[in-house]
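Sharing a model prediction with you, sequence too.
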Amino acid sequence: NFFDLNNGAINAKNTTVDFLLGGTATTSAKFAILGVNDARGSQTASLSGNLVLDAAGSLQTTNKQTLTIGGDTTGSILFKPNNNSVNLFLSGANAAIGNQNPQAALDVSSSSHLSAPVNKIIWGSIGNTMGMLGYDGGSADEIRIGATSNVGLELITNDNVVGYFTSTGKFGLGTVTPSEQLDVNGNATVSGNLSLYGGARSIQTTENQSLTIGGGATGDLTLGRASQSLFLPNFTSNGGLLYTSSTGLLTQLGSGTTSQCLNANTGAAPSWGACDGAASVNVFEFANGTARTTNQTVDLLVGGVSTESAKFAILGVNNARGSQTASLSGNLVLDAAGSLTTTNNQTLTIGGGNTGNIVLSPLTTTTLGGSTVFSSLSTGIAHIGSTGLLSSSAINLASSDVTGILPYANGGSPFNVDSSLGTIFTGNNTLDVLLGGTSTASAKFGFLNIAGGTPTASISAGTSGALYLSANGSLQTTAFQTLTIGGSTTGNVAINPK
């Protein structure tokens, strides 16, 4: 008896030998427990020598046989090492990592990492790769995603195809049948500049649809740049004018012929036609190197529609020659009579800060009426030089500024000077001379009775007492004052009557 029954268990009596069932050797036994006499943890359980489970936790086959876990009656298989929540769960043909409810053949609900030198996920069947996702390890050192066979690639969101790459490399947004390298079925926004490189390029619509450039929030629209031509292939009439219709459509008018005028047609396209002379049609004509009005009987207004509002006007055109008037804003008027005047009592200024000399060269006389201001002259008297130049300076009494004597009635001195005789005399020989007062009674010294009577010299001729000497030889005081002849420093007094 090789076995004992102890404590509800069957154990071999010899605990140092291996255990074989179904054979007499390790290689022939159907079931074997090997390495019994080895250190604990080094034992191996073997089924027919092909399926081995060892103490290190290794479950494997031998001879490179397939290791099958599960069968027709096996339920789901859960791989949960170290009791980790990120486990591998097999349910039917689906596998899940990080969850136990796989929704596809591979359902990963946790972070994943491919750490091999070439990391990629490949779609397709064995020997027939359809697509890949990952790093291909090629010379370009790039990440690749897409189809590796002649199939398209869909970009899906909310189970709808929003982007599609065809097998020929065309990409569509909003369409699975792109007609160009980039085909956008819908609106597109570019926040930077849009540049078209290479040769000649075009922007166009298809199916004869309208092409609109700019919208309600668009600023100025610039076509081309300086020194660059702008081609409009649809407008080929040489000399034809461009105009817009009531819908804003740009249209070309055929070229006119010599001597035709462009006529505006209310509510309709313009047209070429005869110059009929109507208002606003062919107002000017050119002849003999001059530009002139076609109608030579009407006034010319610039900057307004009436004489009062025009900024510049030539008036009286239909009047007799010499009766015309040129007007600036109705305020400065030059007429045919040679009159340059302002209106509304405004100041008339001739010349300014950058004006040179002003020459007045009349045939006979220059008349200045009213208040005339020569702003370039200063206080003093005005001089006219030998060239007719007008200047000003302070009055110099010792120069040729003054000649003769200004009469007293005109504000001059009451005295005249005769340098040849060395005398000073009054300008009016009929007036008394008073010094120190304005009347005979108040003057301190006076020569009286010049106009008639006895000439008298008076000192302090007032009523308080005075001394006077008259031409009749009378020397006396007034107001009964004492007449004193001589003083403390007077010599002899000689009285020699005839």
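Okay, I see it. Numbers count the residues shown, from 1 in each chain.

Output stretch 228-243 as PDB, nothing but the C-alphas.
Output of stretch 228-243 as PDB, limited to C-alpha atoms (Å, rounded to 0.1, in the frame of the first residue of the first chain):
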ATOM      1  CA  GLN A 228      -0.500  94.900 -61.800                       C
ATOM      2  CA  SER A 229      -3.000  94.300 -64.600                       C
ATOM      3  CA  LEU A 230      -6.600  93.100 -63.900                       C
ATOM      4  CA  PHE A 231      -8.000  90.800 -66.600                       C
ATOM      5  CA  LEU A 232     -11.800  90.500 -67.200                       C
ATOM      6  CA  PRO A 233     -12.000  87.800 -69.900                       C
ATOM      7  CA  ASN A 234     -15.700  88.300 -70.500                       C
ATOM      8  CA  PHE A 235     -15.300  92.000 -71.500                       C
ATOM      9  CA  THR A 236     -13.500  92.100 -74.800                       C
ATOM     10  CA  SER A 237     -14.900  95.300 -76.500                       C
ATOM     11  CA  ASN A 238     -11.900  97.500 -77.100                       C
ATOM     12  CA  GLY A 239     -12.800 100.900 -75.500                       C
ATOM     13  CA  GLY A 240     -16.000  99.700 -74.000                       C
ATOM     14  CA  LEU A 241     -17.100 101.200 -70.700                       C
ATOM     15  CA  LEU A 242     -18.000  99.100 -67.700                       C
ATOM     16  CA  TYR A 243     -21.200  99.900 -65.700                       C
END
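
Could you pull out the buried residues of it?
Buried residues in stretch 228-243, counted by 16 or more other Cβ atoms under 10 Å: none are found. Yep, even glycine has a C-beta here, placed from its N, CA and C like the rest.

can you list the residues that contact it?
Contact with stretch 228-243 is made by 223, 224, 250, 251, 252, 253, 254, 255, 256, 262, 269, 270, as judged by Cβ atoms under 8 Å, 6 or more residues apart in numbering.

What about the residues you listed, which are in strands?
250, 251, 252, 253, 262 (DSSP state E).

Secondary structure class of residue 186, three-state.
Here residue 186 is coil, with the state taken from DSSP: H, G, I helix; E, B strand; the rest coil.

And residue 175, by the same measure?
With three-state DSSP as the basis, residue 175 sits in coil.

Tell me which two in the ones in strands among the contacts of stretch 228-243 are the farthest apart.
For these, the farthest-apart pair by Cβ to Cβ is 250 and 262; their separation is 17.0 Å.

what about these two, which has more around it?
Shown here are residue 250 and residue 262; by other Cβ atoms under 10 Å, residue 262 has more neighbours (15 against 11).

List the contacts of that one.
Contacts of residue 262 (Cβ under 8 Å, 6+ apart): 241, 256, 270, 271, 272.

Any quick PyMOL command for the buried ones out of the contacts of stretch 228-243?
In PyMOL, this line selects whichever of those come out buried by 16+ other Cβ under 10 Å:
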select buried, resi 253+256
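
Of the contacts of stretch 228-243, which is the nearest to residue 379?
Distance to residue 379 across those (Cβ to Cβ) is lowest for residue 262, with 63.7 Å.

I'd like the distance between the closest one and residue 252.
Using Cβ to Cβ, to the nearest Å, residue 262 is found at 13 Å from residue 252.

Can you give me the neighbour number for residue 370?
Residue 370: 5 surrounding residues under other Cβ under 10 Å.

For it, give its distance to residue 487.
Residue 370 sits 67 Å away from residue 487, going by Cβ to Cβ.

try residue 154
148 Å.

Neighbour count: those two, which is higher?
residue 154 (13 against 6).

Quick check: which ranges of this structure have low pLDDT?
Along the chain, the parts satisfying pLDDT under 70 run over 111-120, 122-127, 136-141, 276-282, 397-398, 401, 404-405, 461-464.

which stretches of it form helices?
Along the chain, no segments are classed as helices by DSSP state H.

Need the single longest strand in it, by residues.
Determined from DSSP E, the single longest strand within the chain is strand 128-135.

got the buried residues for that one?
Neighbour counts over strand 128-135 (16+ other Cβ under 10 Å) mark 131, 132, 135 as buried.

And stretch 426-437, by the same measure?
426, 432, 434.

And stretch 440-452, by the same measure?
Neighbour-count burial for stretch 440-452 flags 443, 446, 447, 448 (criterion: 16+ other Cβ under 10 Å).
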